[in-house]
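Novice: Below are the sequence and a predicted model for it; my questions follow.
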Amino acid sequence: MPKQTFLNLNPAKQEKIAKILLDEFSANSLLDANVNRIVKAAGIARGSFYTYFEDLDDAYRYSLGQVMKSIHGSLAATNPYQATINFIETVQDNPYYNFLSNYYVVDEAILEAHHREQNGLDVAQAQADVPKWLAEVAVHHLIRQYFMAPAEKEQILQLLAALNEWQTNEA
């Protein structure tokens with residue numbers, strides 16, 4: 001997450017940097033993103049970047065958080081399966097499509113590997129609410145599958161519809 005110096009910037013400068021980060025991570029995977037392009041586009045010194053963020057991964061996590069907050073805020077549905085159906089049906093028109101594609105195809109694996117090295121698997125969280133955990137795993141997998149193979153959209157939507165019906169019948 002950003003450092004306090006970033007949070008203390010005036011809102012216009014924060015927004016400008018956030019947009020530049022989003023543009024960089026939409027055009028490039030985390031493996032190909034470049035601090036030099038970011039600081040040049042933002043008109044800031046390289047050292048300033050590091051007063052705002054620990055490193056490129058930190059800046060990426062900030063952008064990811066902003067994107068996910070926006071997406072999750074717009075997904076109003078009674079259950080995760082219907083929300084995912086709605087998301088997949090409209091994602092091609094989403095302004096974050098390229099960012100999300102990079103995330104699900106490349107960046108997520110990088111972040112997950114780093115997270116597991118630090119934290120391991122959270123078994124207690126999964127055991128606390130197994131149906132919720134299963135739903136999260138299923139919808140996440142199917143969203144990733146969509147970005148990996150968009151031609152499978154109809155099959156993915158059919159599976160989500162079946163999961164939605166199953167959940168409705170279980171309730």
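Specialist: That came through fine. Numbers count the residues shown, from 1 in each chain.

Novice: distance of Leu142 from Ala162?
Specialist: With distances defined as Cβ to Cβ, to the nearest Å, the gap from Leu142 to Ala162 amounts to 11 Å. Backbone N, C-alpha and C define where each C-beta goes, glycine included.

Novice: which of these two has more neighbours?
Specialist: Each of Leu142 and Ala162 has its neighbours counted (other Cβ atoms under 10 Å); Leu142 has more, 21 against 11.

Novice: tell me the secondary structure for the more buried one?
Specialist: helix (DSSP: H, G, I helix; E, B strand; the rest coil).

Novice: Which positions within stretch 10-26 qualify as buried?
Specialist: Judged by neighbour count using 16 or more other Cβ atoms under 10 Å, the buried positions of stretch 10-26 are 16-18, 20-26.

Novice: Please apply the same query to stretch 102-109.
Specialist: Burial within stretch 102-109, assessed by neighbour count using 16+ other Cβ under 10 Å, is assigned to 102-104, 106-108.

Novice: so of these, which ones are in helices?
Specialist: 102, 108 (DSSP state H).

Novice: What does the pLDDT read for the closest residue in space to Tyr81 that isn't next to it in sequence?
Specialist: Nearest residue to Tyr81, sequence neighbours excluded (Cβ to Cβ, 6 or more residues apart in numbering): Asn164, at 3.8 Å. Predicted confidence (pLDDT) for Asn164: 87.

Novice: which ones are touching the residue found closest to Tyr62 once you drop the neighbours it is linked to in the chain?
Specialist: Ranked by Cβ to Cβ, 6+ apart and with sequence neighbours excluded, the top spatial neighbour of Tyr62 is Pro2, at 5.2 Å. Residues near Pro2 by Cβ atoms under 8 Å, 6 or more residues apart in numbering: 52-53, 58-59, 62.

Novice: wouldn't the residue nearest to Tyr81 be in contact with Asn79 here?
Specialist: Yes. Counting by Cβ atoms under 8 Å, Asn164 touches Asn79, with 6.5 Å between them.

Novice: For the chain, name the helix or strand with the lowest mean pLDDT.
Specialist: helix 123-128 (a mean of 64; mean pLDDT, DSSP states H and E).

Novice: How about the backbone phi and psi for Gly43?
Specialist: Backbone torsions for Gly43, taken as degrees, to the nearest 10, come to phi 70, psi 40.
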